[in-house]
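*Asks:* Provide a 3D model corresponding to the input given below.
(one chain, ligands or ions: 1)
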Amino acid sequence: MSGFDAAAFQAETGVSRETLDRLAAYDATLRKWQPKINLVGPSTLPDAWRRHFLDSAQLFPLIPESARVLVDLGSGAGFPGLVLAIMGVPEVHLVESDARKCAFLREAARAANAKITVHNKRIEAVTGIEADVVTARALAPLSELLAWAHPFIGNRGATLFPKGQNVAEELTDTTKYWKMRTERFDSRTDPTGTILRVSGIDRV
Ligand SMILES: C[S@@+](CC[C@H](N)C(=O)[O-])C[C@H]1O[C@@H](n2cnc3c(N)ncnc32)[C@H](O)[C@@H]1O
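*Replies:* Here you go, the predicted model:
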């Protein structure tokens, strides 16, 4: 059992009491639904405030201040997109192909009073959203993520992707297909992890 609880999350992120209460309502919904649908790895649930809530919340300060519209690809149980919506990103779209996970996302958003849009579709089928930021956690290699993100942000917006220790290899592979500006930030939850912020994306 981890000692990193909601209070530790609040101390680490500085979120308001109201935001913490909304995240706690999301957490309670996650714990209620987890036995019915495998939403997160069962072994990660006791440490959810660090492994999922802080892991998602650490992206918030990396979002440009002018950003209004965020698309989260392959949202699963809502990490990081739903956390970022609760923290204050004005317009958040969650894209998830699994209908049961979409039912959970709608219920968790209702419990947390978060006005998000859930798209129960494959990413490739979602069109017509002009976004400022695209996020995705644990979904695909970088080159694939950029191919999915590009229709939403063109070369104007930015992506934020938590990545593991293979990030250097993924970057090398990606430069064959994409021109881009990359910035790397140390993960606050994973000593071997990196948050990759990519912008100015164009095909080679
Ligand atoms: C490994 S989970 C990660 C979920 C969440 N982002 C997280 O980090 O906890 C990947 C999710 O992406 C969804 N997914 C995979 N490919 C997809 C696609 N092409 N379109 C929409 N959703 C997709 C899966 O159903 C799954 O819920």
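*Asks:* can you name the residues in contact with stretch 99-108?
*Replies:* For stretch 99-108, the surrounding residues in contact (C-beta atoms under 8 Å, 6 or more residues apart in numbering) are 25-26, 29-30, 33, 37, 39, 75-78, 82, 94, 96, 116, 118, 120. The way it works is simple: take the backbone N, C-alpha and C, and place the C-beta from them, glycine included.
*Asks:* quick one: that stretch near the ligand?
*Replies:* Yes. Using C-beta under 6 Å from any ligand atom, stretch 99-108 comes into contact with the ligand via K101.
*Asks:* off-centre distance for that stretch?
*Replies:* What separates the centre of stretch 99-108 from the centre of its chain is 16 Å, taken as C-alpha atoms, centre = their mean, to the nearest Å.
*Asks:* quick one: average pLDDT of it?
*Replies:* For stretch 99-108, mean pLDDT is 98.
*Asks:* only alpha carbons, please: show that stretch as CSV.
*Replies:* Extracted in CSV, the C-alpha atoms of stretch 99-108 (Å, rounded to 0.1, in the frame of the first residue of the first chain):
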residue,chain,number,x,y,z
ALA,A,99,-17.9,1.3,-25.4
ARG,A,100,-17.7,0.1,-21.8
LYS,A,101,-14.8,2.4,-21.0
CYS,A,102,-16.8,5.3,-22.6
ALA,A,103,-19.7,4.5,-20.3
PHE,A,104,-17.3,4.7,-17.4
LEU,A,105,-15.8,8.0,-18.7
ARG,A,106,-19.3,9.6,-18.9
GLU,A,107,-20.2,8.4,-15.4
ALA,A,108,-16.9,9.6,-13.9
